[in-house]
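Novice: Fold the following.
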Amino acid sequence: MEKNEIIGKEFKCLDKGFVRLVDIMGGDDSIVQAARVSYGKGTKTVSEDRNLIRYLMRHRHTSPFEMVEYKFHIKLPIFVARQWIRHRTANVNEYSGRYSIMPDEFYLPSPEDVRTQSKTNKQGRSDEPIPEDIANKFIEDLKDTQNFLYEKYNSYLSQEIARELARINLPLSTYTEWYWKIDLHNLFHFLELRLHPTAQFEIREYAKIIAQIVKHTCPIAYEAFEDYRLNSITFSAKELKILSSMIQNKIPTIEEMLEIGLSKREIEEFLIKISSINKQK
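Specialist: Here you go, the predicted model:
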């Protein structure tokens, strides 16, 4: 799919949301041109461009990636938007419930996405599904509550209560829309966090779509991002000390790792990293 074919195309997300690329400024060539500003127009071949972009990503020379900008039109539940807005290095203009009537559209999860609370991640769900009858009852309760609150919202409007007040009891599952403009460097940071398996499922679904858009419009930069950030593993100085011992077939015990200065949580995360490396062999 060419860049012009993606612009304006609506990619469905969740039950009622979407991602639409409104505009894009620049591409892989813009990154190269910015990096070689002292040398004139750019490089001579695609391979040279690729090598340069990978060098920039590898050594975290980030400013050339800021020369590429994306503008998206996104429809999403408010609770996802409140997570999303934590990425403050973007320009946002959101649908206003003060000026406009909020739509009668609410997010409802699929039964298979209703899970138990994670025992290891305090802010996320586990991989364990809830019994089907409980999941279905939860979704029905959500639907009933959403309908009740929207009926109340409409009744407030009919009594000529100001829209800015009438909206305040609507649930976080209400859909909103915004225009979101961000440069590629900061977009990669967004994707690195929101594509991670521990990110909330709903925002991860949006990140997957955006990642595919970036992959098609800046393929060389996205490849470098995948190799050096998204699918790479970073080790601390203390973890490198342990790895050095492991290379010499001196596998330290948990007690020895604690003595080196790792906390129990750090040890757990370190062992997960080692396990992921073994799976890639």
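
Novice: middle-most residue in this protein, spatially?
Specialist: With distances taken as Cα atoms, centre = their mean, the residue of the chain nearest its centroid is Arg194 (2.5 Å).

Novice: ok, and the closest non-adjacent residue to Ile130?
Specialist: Val114 (4.9 Å; Cβ to Cβ, 6 or more residues apart in numbering). All C-beta atoms are positioned from the backbone trio N, CA, C, and that covers glycine.

Novice: how close does the one you found sit to Lys137?
Specialist: Look at Val114 and Lys137: by Cβ to Cβ, to the nearest Å, they are 10 Å apart.

Novice: Over to His73?
Specialist: 35 Å.

Novice: Give me the more crowded residue out of Val114 and Lys137.
Specialist: Val114 (19 against 13; other Cβ atoms under 10 Å).

Novice: For the spatially most distant residue from the centre of the chain, give me the pLDDT.
Specialist: Using Cα atoms, centre = their mean, the residue of the chain lying farthest from its centre is Gln159. It sits 40.5 Å away. On pLDDT, Gln159 comes in at 97.

Novice: Could I get the buried residue list for the helix or strand that contains Glu269?
Specialist: Secondary structure assignment for Glu269, by DSSP states H and E: helix 264-280. Using 16 or more other Cβ atoms under 10 Å as the test for burial, helix 264-280 gives 266-267, 270.

Novice: and if you look at stretch 200-210?
Specialist: 202-207, 209-210.

Novice: From those, pick the one nearest Asn91.
Specialist: Ile210 (15.6 Å; Cβ to Cβ).

Novice: hey, where'd the strands end up in the stretch 101-250 of the chain?
Specialist: 115-117, 125-129, 175-183 (DSSP state E, counting those that start in this stretch).

Novice: Would you mind confirming that Tyr107 is in contact with Phe201?
Specialist: No: between Tyr107 and Phe201 there is no contact, the gap being 11.5 Å when judged by Cβ atoms under 8 Å.

Novice: so Lys9 touches Leu21, yeah?
Specialist: Yes: contact criterion Cβ under 8 Å: Lys9 and Leu21 qualify, at 7.1 Å.

Novice: Looking at these two now, which is surrounded by more residues?
Specialist: When Lys9 and Leu21 are compared on other Cβ under 10 Å, the one with more neighbours turns out to be Leu21, at 22 against 13.

Novice: tell me the pLDDT at the more buried one?
Specialist: 98.

Novice: Okay, now the unreliable bits of the stretch 1-150 of the chain?
Specialist: Residues of the stretch 1-150 of the chain meeting the criterion pLDDT under 70: 1-2, 38-44.

Novice: and Leu258, what does it touch?
Specialist: 264, 267 (Cβ atoms under 8 Å, 6 or more residues apart in numbering).

Novice: tell me which element it falls in.
Specialist: Going by DSSP H and E, Leu258 is part of helix 254-260.

Novice: what does the average pLDDT come to for that helix?
Specialist: Mean predicted confidence for helix 254-260 is 85.

Novice: buried set for it?
Specialist: 257, 260.

Novice: got the domain boundaries for this protein?
Specialist: 3-98+174-230, 111-169, 237-280 (automatic domain parsing).
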